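Engineer: Any chance you could fold what I've pasted below:
(2 chains, ligands or ions: 2)
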Amino acid sequence: MLGLRNFGHFLAGSLRIVLRGGPVYWTWLGCLVLLIALGAGAYARQLDRGLITTAMRDQVSWGFYIGNFTFLVGVAAAAVLLVIPAYVYNWKPIKEVVILGELLAISAITMCGLFVAVDIGRPERFWHLIPGPGSLNVPSSLLGWDVLALNGYLVLNLVIVTYLLFTLYRNRRPDKRIFTPLVLISIPAAVGIHTVTAFLYNGLAARPFWNASILAPRFLASAFCSGPAVLLILMQILRRTTRFEIQDSAIWKVAELMAYAMFLNLFLLGAEVFKEYYSDTEHLVHMRYMYTGVGAHDPIVPYMWASLACSALAFLLFLLPRTRRHPLYLNLGCLLIWVGVYLEKGMGLVIPGMTPDTLGEIYEYFPTWNEIALSAGIFAVGALVFTLLVKIATRIMLGEFRLRPAGGASGAALPTAVPGVS
Amino acid sequence: MNRREFLCSLAGCAAAATAAGCLDPTHTGWFRKRFRELAPADVAAILEGLEREHAERFGKEAQVGAQAALPGVEFGYALDISRCVGCRRCVYACVEENNQSREPQIHWIRVLEMEKERGIDFAEADAYYDAEQVPRPGHFYLPISCQQCRNAPCVKSCPVGATWQEPDGIVTIDYDWCIGCRCCMAACPYGARHFNWAEPAVPAEELNPNMHYLGNRVRRKGVVEKCTFCIQRVRSGRYPACVEVCPVGARKFGNLLDPDSEVRYVLEHKRVFVLKAELNTRPRFYYFYGL
Ligand code: SF4
Ligand code: SF4
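Structural biologist: Ligands and ions are numbered 1, 2, ... in the order given. A predicted model of the protein is given here:
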């Protein structure tokens, strides 16, 4: 009972934290809310007229939404995989790295769910996916598996984060017997969600561009670049604006590991390029659509070269110890990676996989403004969730938001003077 | 209160607008059962509801049936490439028979124009050829629609089991169960599946009132559709519309299990092939060179 009441205080206190902040905080939230409103308007339009408001058609039947979904599954997976180096190198803020990673994962999975929800034609029938009242078609459907995996992963992360934060809030030490196994489960689960998502494409023999065994490894390699990039930037922001301590060495180590992942990603891409161009079969056309265009059809070519340039440059910046230890180049590298992987997964996976279509027709897909506005709204939801969660979590981790020890549980037990953190 | 009803009431609270369907004890409204799990009385109620809906929408009587597969029947199709002249009459007969949307346009059959010199080469095929006179010199024509695969990748990929293979081999879709995720479209190697990107428009005067639940009843936006071998016709012993309309008799149809059927004759006496055999979809739709 006491635990439950404490949990109530914990929630109420969290609410109070997110309602307090400086002008920067409120401006940021205001921008996000504006974007969300924009996205909601676009969604209303799409619901009213149908998916005709997108640029998708029968020839390219998945597009920007599913591309974003795939990219974000990668972010969700990689954020948690950062736990491994945290343990291996025994960084001081292991718990903190775990918590931030899982918060990012929670936000990313929320966005994934929204992207799938806006992509389906009959969202009111979502319950057909729930085993029991609905009829989830597992084991045969990979999307069925993905629904299970992503929801399981979301629950797992929510449990871990809530447990950790609530324990810290009550001034206790997290019980290793609970905490460690949960974290150990989350590692294969992270690999699992991204592999299942890769298999969703990989299993389709109708689409030779996806039906290559290299797809799942490439997914993991690219995710290991984009996920940590967000965390690196976040850690630096927290270090600046709060009393949060993160050693330089930890940040540099992450950057170094990202360089290896990027090398792997570029290597696997090279292997694919070689195989397609040298054997020069009918399947080459998809890769040509990406990099040179087919005939006059080249809407995504500039984006693919930009992606390649960003990834290659970021690889060099992170490979050289001098540049990866330089704050400017480090952050530039993070940004380049993010852009590179975003273009690669967001546009370079789904679109060329479906162009030309199975009967050889080339339909030039490029997202409409409605699609882009709706997607921006979803990203804003994710950023909002992430901002609020991080704000609460940092207060707890810094010990600024705790249950008043001994007898504090009675009445209004929350600390009244919360120091201002922007 | 059983589990279904309990969940039903939960869902009803969450979606008051659709609660009316929820209170329906026959599960024929929004919170319904899958078509294959419905009791016969519920099927009847659903069909009646659909007829009412069509009458309201088009101001015209429509009969929506749900005739089941006949025992001892497995449908097969054979198309003579050497006869097809590429006139696209089958395309438009299909549109009318199966109440396909006129705007946006949906065509279950695509006729691909190919160069004789290249043979069957999808990369160079043209579905939009615009000719005064067909066949055009140097070209041949390959009409393509759902191949009714025995090992159907579309069925495998559907996350909610909204599409399945009937005992007579027809791969069908329950338009009221499909969530519109389009996995099946990504999985189909023959571009046979079409999505209703907008609310389909069918002019009332062109509406075909003889409908089947799993076939040509008018669809709604947000769901997938495809060729069903004219399920509303073939289950009552008629030919598919495309077979009837073809001016050169390139299209043969029949029961694969009947040794005297036309399609069996073709399999016995001509050499046939299937498209993309390497994908192991094992179509019930064969192509042959009859001349
Ligand atoms: S042709 Fe396509 S839609 Fe038809 S059964 Fe085969 S995979 Fe399914
Ligand atoms: S679009 Fe409909 S039929 Fe196709 S896979 Fe999704 S739910 Fe199944």
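
Engineer: Skip the chain neighbours and tell me the closest residue to residue 167.
Structural biologist: Answering for chain A, as no chain was given. A:Pro174 (4.8 Å; CB to CB, 6 or more residues apart in numbering or on different chains). For the C-beta atoms, the positions are set from N, CA and C on the backbone; glycine is no exception.

Engineer: ah, no, chain B please
Structural biologist: Once flanking residues are discounted, B:Pro167 sits nearest to B:Ala69: 4.2 Å by CB to CB, 6+ apart.

Engineer: Next, work out how far apart the residue of the stretch 201-350 of chain A found nearest ligand 1 and B:Phe122 are.
Structural biologist: Ranked by CB to the nearest ligand atom, the top residue of the stretch 201-350 of chain A for proximity to ligand 1 is A:Ala206, at 7.6 Å. Counting by CB to CB, to the nearest Å, the gap from A:Ala206 to B:Phe122 is 12 Å.

Engineer: quick revisit: which residues touch the closest residue to the residue of the stretch 201-350 of chain A closest to ligand 1 other than its chain neighbours?
Structural biologist: Spatial nearest neighbour of A:Ala206, excluding adjacent residues (CB to CB, 6+ apart): B:Pro189 at 3.6 Å. The contact partners of B:Pro189, by CB atoms under 8 Å, 6 or more residues apart in numbering or on different chains, come to A:205-206, A:358, B:153, B:276, B:279, B:281.

Engineer: if you look at those residues, which of them are in strands?
Structural biologist: Assignment to strands by DSSP state E places none of these there.

Engineer: out of these, which are buried?
Structural biologist: Those of the contacts of B:Pro189 that meet the buried threshold are A:205-206, A:358, B:153, B:276, B:279, B:281, by 16 or more other CB atoms under 10 Å in any protein chain shown.

Engineer: next structured bit after the helix or strand where A:Met304 lies?
Structural biologist: Assigned by DSSP states H and E, A:Met304 belongs to helix A:301-319. Once the chain leaves helix A:301-319, the next helix or strand it forms, by DSSP H and E, is helix A:321-324.

Engineer: Identify the residue of the stretch 301-422 of chain A closest to ligand 1, quick one.
Structural biologist: The minimum distance from the stretch 301-422 of chain A to ligand 1, using CB to the nearest ligand atom, falls at A:Thr358 (8.8 Å).

Engineer: pretty sure that residue contacts B:Ala186?
Structural biologist: No. Between A:Thr358 and B:Ala186 there is no contact under CB atoms under 8 Å: 9.4 Å.

Engineer: shared neighbours of the two, which are they?
Structural biologist: If you check A:Thr358 and B:Ala186 against CB under 8 Å, 6+ apart, the residues they both contact are A:206-207.

Engineer: hey, which helix or strand in chain A has the poorest pLDDT?
Structural biologist: In chain A, no helix or strand scores lower on mean pLDDT, DSSP states H and E than helix A:83-88, which sits at a mean of 81.

Engineer: Would you mind listing the buried residues in that helix?
Structural biologist: By neighbour count with 16+ other CB under 10 Å, helix A:83-88 contains the buried residues A:83, A:85-86.

Engineer: just these now: which is nearest B:Ile179?
Structural biologist: B:Ile179 has its nearest neighbour among those in A:Val83, at 34.7 Å by CB to CB.

Engineer: tell me the phi and psi of the residue of the stretch 1-150 of chain A found nearest ligand 2?
Structural biologist: Using CB to the nearest ligand atom, the single residue of the stretch 1-150 of chain A nearest to ligand 2 is A:Gly121, 6.9 Å away. The phi and psi values for A:Gly121, taken as degrees, to the nearest 10, are phi -70, psi -30.

Engineer: For the residue of the stretch 51-200 of chain A found nearest ligand 1, give me phi and psi.
Structural biologist: In the stretch 51-200 of chain A, the residue that lies nearest ligand 1 is A:Asp58 (12.0 Å; CB to the nearest ligand atom). For A:Asp58, the backbone dihedrals are phi -50, psi -30 (criterion: degrees, to the nearest 10).
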